[in-house]
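# Generate a structure from the sequence data that follows.
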Amino acid sequence: MKRRLILLSILIAASAPALAQRPAGYPRSYDALVAAARAEGGVRVYGNADASAMAPLIAAFRRTWPGVTVRYDDLESREIYRRVVNEARTHAPGADLVWSSGMDLQAKLINDGFAQAYLSPEKPALPANAVWKNMGYGVTTEPVAFVYNRRLIPPARVPRTHEAFEALLRTRRAALTGKVATYDPARSNVGYLYLAEDFAITRDTRSLVQAMAATRPWLSPTTEPMLDAVADGRVAIAYNVVGPYALTRAQRDPRIGVVFPRDYTIVASRVAFIARDARRPAAAKLFLDFLLSRTGQTLLARQWLLPVRSDVRAPRLSAEQQRPIRVGPQLLVNLDTIMRRRFLADWRAILTEGNR
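Presented below is the predicted three-dimensional model:
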């Protein structure tokens, strides 16, 4: 989704209570963290979840922890990465908490020493694959979808698996030429991440990509233009779309259908960490804990940012269907310069061959 810099600041009234109640089950020492956060006065967050989707959660955080303000900068994942690196190098004021769907970029920042460790009291409620070195925390589970125009793809033709999607592309090639969309992995970080994950899951991905290339697909750097194109019929079907954005749009636009493929569905996560040079580390910890709490996860789920916790009610895929991208060092492979260059060269070669 095309992003613009949105500054969301929530200020707390001076008449706020002196001390909010410590969450049940948290250690008594947490009172000292809360006091430190109130002394810091606020937290600055770099994130790429839409600011409008974050507003209810930030308002709830304000009510829970009066006296702690939140400044939320809505940025693209690559811009988040660039800012964190540049601000650390120049010692400029920056984010206290960094939260992004660019899982591989987040892993690199953590691996390169831009994060600090924090053992959240919420960690026992999280799946083991959602936490890396007590630094990177996967906050959401976001399935990756096929998105289609309900008028152009009738119910009987809607693909429910990757194999069925490829069959549709091959049998309806003429009708679908110019009518298929996906991310441009050279310009979209999540597009590259999802496609690399496809290739890691099954060798059949090459055949599917070849079939897609034969339709001369429209390549987008972001999600919103694809959803717009599907809705108005310029595109009949889009591949590997960020699921929460698609579901949010489909909820208010009956022209759009969303499918999570039954054979496997990639599940990504927005990874959060506390910045190494955070000027307000206590407030950052407070905000991270709120994101991971049942209250925070429930509020995120209402915006289709589906919870990583299993004790929060939300739509879920079966365990057999999910292919979660694990938070950890294996994500760094995607950022290896030589491997990335080869991957994109192969991608361009397939597209060129398909356009002949």
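
# could you show me where the strands are in the stretch 251-356 of the chain, in order?
With strands called from DSSP state E, counting those that start in this stretch, the stretch 251-356 of the chain shows them at 256-259, 265-268, 271-275, 322-324.

# highest average neighbour count across those strands?
Mean neighbour counts were taken over the strands of the stretch 251-356 of the chain using mean count of other Cβ atoms under 10 Å, and the top value, a mean of 27, falls to strand 271-275. Backbone N, C-alpha and C define where each C-beta goes, glycine included.

# tell me which strands and helices that one is in contact with?
Using 3 or more Cβ pairs under 8 Å, 6 or more residues apart in numbering; DSSP states H and E as the contact definition, the elements that strand 271-275 packs against are strand 97-100, helix 103-111, strand 115-116, strand 136-138, helix 281-292.

# tell me the angle the last one makes with strand 271-275.
I take that to be helix 281-292. Helix 281-292 and strand 271-275 are oriented at 170 degrees to each other (axes from the mean of the first three to the mean of the last three Cα atoms, to 10 degrees).

# chain center to helix 281-292, what's the gap?
A distance of 19 Å separates the C-alpha centroid of helix 281-292 from that of its chain, computed with Cα atoms, centre = their mean, to the nearest Å.

# The shortest one too?
Offset of strand 115-116 from its chain centre (Cα atoms, centre = their mean): 20 Å.

# Over to the fourth one?
For strand 136-138, the separation from the chain centroid amounts to 12 Å (computed by Cα atoms, centre = their mean).

# Next, the buried residues of that strand.
Residues of strand 136-138 classed as buried: 136, 137, 138 (neighbour count, 16 or more other Cβ atoms under 10 Å).

# Check the first one too.
When burial is assessed from 16+ other Cβ under 10 Å, strand 97-100 yields the following buried residues: 97, 98, 99, 100.

# hang on, the earlier thing: dump the strands of the stretch 251-356 of the chain into JSON lines; add mean pLDDT as well.
Rendered in JSON lines, the data for the strands of the stretch 251-356 of the chain read as follows (pLDDT from 0 to 100):
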{"stretch": "strand 256-259", "mean pLDDT": "97"}
{"stretch": "strand 265-268", "mean pLDDT": "96"}
{"stretch": "strand 271-275", "mean pLDDT": "98"}
{"stretch": "strand 322-324", "mean pLDDT": "93"}
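
# Residue 162 is nearest to which of those?
Set against residue 162 and scored by Cβ to Cβ, the strands of the stretch 251-356 of the chain come closest in strand 265-268, at 9.8 Å.

# Tell me which other helices or strands the closest one touches.
So strand 265-268, by 3+ Cβ pairs under 8 Å, 6+ apart, packs with strand 142-149, helix 189-201, strand 322-324.

# what do you get if the cut-off is 10 Å, keeping everything else the same?
Judged by 3 or more Cβ pairs under 10 Å, 6 or more residues apart in numbering; DSSP states H and E, strand 265-268 is in contact with strand 142-149, helix 189-201, helix 243-252, strand 322-324.

# With distance to residue 284 added, can I get those in a markdown table?
Converted to a markdown table, these look like this (distance: least, Cβ to Cβ, whole Å):
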| stretch | distance to residue 284 |
| --- | --- |
| strand 142-149 | 22 |
| helix 189-201 | 23 |
| helix 243-252 | 24 |
| strand 322-324 | 25 |
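
# Nearest to residue 90 among the ones you listed would be which one?
Ranked by Cβ to Cβ, the member of the helices and strands packed on strand 265-268 that lies closest to residue 90 is helix 189-201, at 23.3 Å.

# Can you name the next helix or strand after the closest one?
Of the helices and strands lying after helix 189-201 in sequence (DSSP states H and E), the nearest is helix 205-213.
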